[in-house]
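Colleague: Predicted coordinates and the sequence they were generated for:
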Amino acid sequence: MPAKFAEQDIKSKLSNKRMLSSFIDNQIKKTTKKTAALQYVFVSDDALLQMNQQFLQHDTFTDIITFDLSESPDKIIGEIYISIDRVTENANKFSTAYTAELHRVIFHGALHLCGYKDKTKADKETMRAMEDKWLKAYQQVINNK
């Protein structure tokens, strides 16, 4: 089931949603051999901070919160909340295009649901390598459309 995208009081400027959804679905199948049903919700900093405080007891801004709602071992179900304010700020901070940063964070959430972690230095390096791999593969999809 392809990923779905929603906006909550903020515009993501995300384009090619069908192509991106299909790409994520295919990458998850290749990575885990599982089907997936993902819901991405683009929100403001304030909305994600409130969720971070309520559900994770963290009083900090973050770019993404991923909830694994899977009930069976053969299907990945998740809700992924992304702060568009954080994505914009990080794109500027790291001198990267907004779209590239948005895709990186989108893939980051899916990778968490595939089992990748980012708590240790080694885990962060592996996560970053997978994000880069997916970004490169998605760029090829876009170039071939």
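Modeller: Good, I have the coordinates.
Colleague: can you count the residues close to residue 47?
Modeller: 18 (other Cβ atoms under 10 Å). Where you see a C-beta, it was placed from the backbone N, CA and C, and this is true even at glycine.
Colleague: That one touches residue 54, doesn't it?
Modeller: No: contact criterion Cβ atoms under 8 Å: residue 47 and residue 54 do not qualify, at 10.7 Å.
Colleague: Stretch 131-143: how far from the chain's middle?
Modeller: Stretch 131-143 has its C-alpha centroid displaced from the chain centroid by 14 Å (Cα atoms, centre = their mean, to the nearest Å).
Colleague: So what touches it?
Modeller: Stretch 131-143 has contacts (Cβ atoms under 8 Å, 6 or more residues apart in numbering) with 16, 19, 20, 23, 27, 100, 103, 104, 107, 108, 110, 111.
Colleague: buried stuff in that stretch?
Modeller: Neighbour-count burial for stretch 131-143, counted by 16 or more other Cβ atoms under 10 Å, picks out 131, 134, 138.
Colleague: Could you report the pLDDT at the residue lying closest to residue 62 once chain neighbours are set aside?
Modeller: With sequence-adjacent residues excluded and distances taken as Cβ to Cβ, 6 or more residues apart in numbering, residue 62 is closest to residue 52, at 5.6 Å. For residue 52, the pLDDT comes out at 90.
Colleague: before we move on, what about residue 140?
Modeller: pLDDT, residue 140: 95.
Colleague: Shouldn't it be within a strand?
Modeller: No: going by DSSP: H, G, I helix; E, B strand; the rest coil, the assignment for residue 140 is helix, not a strand.
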